[in-house]
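Trainee: Provide a 3D model corresponding to the input given below.
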Amino acid sequence: MMAPSDEDVQAAERRTRDDELLTELTAPLPVEQAREAYLFWQHRLNSLPIHKRSEREEAERMTARWKDRLAKAERHHYGPGLLEQLLSALGVRRMPSLPSRRRVMLGVSLLALVVMLLLIALVVAIVVFWPQIQPIVQTLLNGQGG
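Mentor: Model prediction:
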């Protein structure tokens, strides 16, 4: 049996260092570090004027990226959340993604707009067709519908 050569030993040491570096680079960040970075990008996004579009887009991307990293760091540090544990117990392996606040507000705004338009259309219809509707309404209110 031959002893390993110096080149083999050096290559093994380099692989070990590389593996350690990769493990360190791919490990989740500490929660505080991820939170600080997320808060920094969120503050930057909120403080940039609207006319600085490219800088705002970068800040939006970085805010989303750091929000995801913060969630991963929290999950790694604190363990899965209650909802994630419940879904896991039910056999659901993938967390459903929740809509963003902007998308929720857009949906609520559109719903409010549709309801408002329907109410306006109802009022207009009542005003326009009041002569035809009035006898029916009087009959219903007087209780003579028989």
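Trainee: For the longest helix belonging to the chain, list every residue counted as buried.
Mentor: Using DSSP state H, we find that the single longest helix of the chain is helix 101-128. Residues of helix 101-128 classed as buried by neighbour count (16 or more other CB atoms under 10 Å): none. In short, each C-beta sits where N, CA and C put it, glycine included.
Trainee: and the helix or strand that it is followed by, how far from the chain's centre?
Mentor: Helices and strands here follow DSSP states H and E; after helix 101-128, the next one along the chain is helix 130-142. Relative to the chain's own centre, helix 130-142 is displaced by 51 Å; criterion: CA atoms, centre = their mean, to the nearest Å.
Trainee: quick check: angle from helix 130-142 to helix 101-128?
Mentor: Angle between the axes of helix 130-142 and helix 101-128 is 90 degrees (criterion: axes from the mean of the first three to the mean of the last three CA atoms, to 10 degrees).
Trainee: Pick out the residue closest to the middle of the chain.
Mentor: residue 100 (3.8 Å; CA atoms, centre = their mean).
Trainee: For it, what are phi and psi?
Mentor: phi -70, psi 160 (degrees, to the nearest 10).
Trainee: ditto for residue 48
Mentor: Torsion angles, degrees, to the nearest 10, at residue 48: phi -80, psi 140.
Trainee: Look up how far residue 113 lies from it.
Mentor: As judged by CB to CB, to the nearest Å, residue 48 and residue 113 stand 29 Å apart.
Trainee: Could you do residue 73 as well?
Mentor: 39 Å.
Trainee: Residue 28 too?
Mentor: Distance from residue 28 to residue 113, by CB to CB: 42 Å.
Trainee: same thing with residue 94?
Mentor: According to CB to CB, residue 94 stands 34 Å off from residue 113.
Trainee: Residue 142 too?
Mentor: According to CB to CB, residue 142 stands 38 Å off from residue 113.
Trainee: quick check, distance from the helix or strand of the chain with the lowest mean pLDDT to the centre of its chain.
Mentor: Here the helix or strand of the chain ranked lowest by mean pLDDT, DSSP states H and E is helix 82-89, holding a mean of 80. Distance of helix 82-89 from the chain centroid (CA atoms, centre = their mean) equals 18 Å.
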